[in-house]
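[1] quick one: sequence and predicted model below, then my questions.
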Amino acid sequence: VNIVESGGGLVHPGESLRLSCVVSGLKLSDRAIGWFRQAQGKGREGIACLSRSGKNTYYPDSVKGRFTISRDTVWNTAYLQMRSLTPEDTADYYCATVRPDHCPGPAIEYDYFGQGTQVTVAS
């Protein structure tokens, strides 16, 4: 399984960014997919999950209403649309396959993930 994230960069507060995640070696339609982030000196924070069925999502309060996860099963690519970014969103962002498949909430496990893409929000 290979996962490659892209789309990170430097943006100003209030701007938007869309991250992409190309997955090979498994079908996104067979797995739940998620994004987590890790800021410098801090622990991992799960920020989005999309269930295997594509019908259920999970977002923590820190990003709910601002971030949207989606997938394209034809291109086997997942996306994270981020809006109204703040400096607190600055982190390395990772795309990962998730267990269990229905994204029940914060208690999920990540098994395969990529090298990450860096997002910096600064004025």
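    Now that the structure is in, tell me what you want to look at. Only a predicted model underlies this, so the values are computations on that prediction, with no experimental measurement involved.
[2] T97 sits in which helix or strand?
    strand 91-99 (DSSP states H and E).
[3] ok, residues contacting the helix or strand that that strand is followed by?
    Sequence-wise, the next helix or strand downstream of strand 91-99 (DSSP H and E) is strand 109-113. With C-beta atoms under 8 Å, 6 or more residues apart in numbering as the test, strand 109-113 has contacts from 1, 3, 26, 34, 36, 46, 94-99. The way it works is simple: take the backbone N, C-alpha and C, and place the C-beta from them, glycine included.
[4] okay, the helix or strand of the chain with the lowest mean pLDDT in PDB with CA atoms only?
    Least confident helix or strand of the chain, by mean pLDDT, DSSP states H and E, is strand 109-113 with a mean of 93. Extracted in PDB, the C-alpha atoms of strand 109-113 (Å, rounded to 0.1, in the frame of the first residue of the first chain):
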ATOM      1  CA  GLU A 109      -6.700   3.500  14.400                       C
ATOM      2  CA  TYR A 110      -4.600   4.300  11.400                       C
ATOM      3  CA  ASP A 111      -2.700   1.600   9.700                       C
ATOM      4  CA  TYR A 112      -1.300   2.800   6.300                       C
ATOM      5  CA  PHE A 113      -0.400   6.500   5.900                       C
END
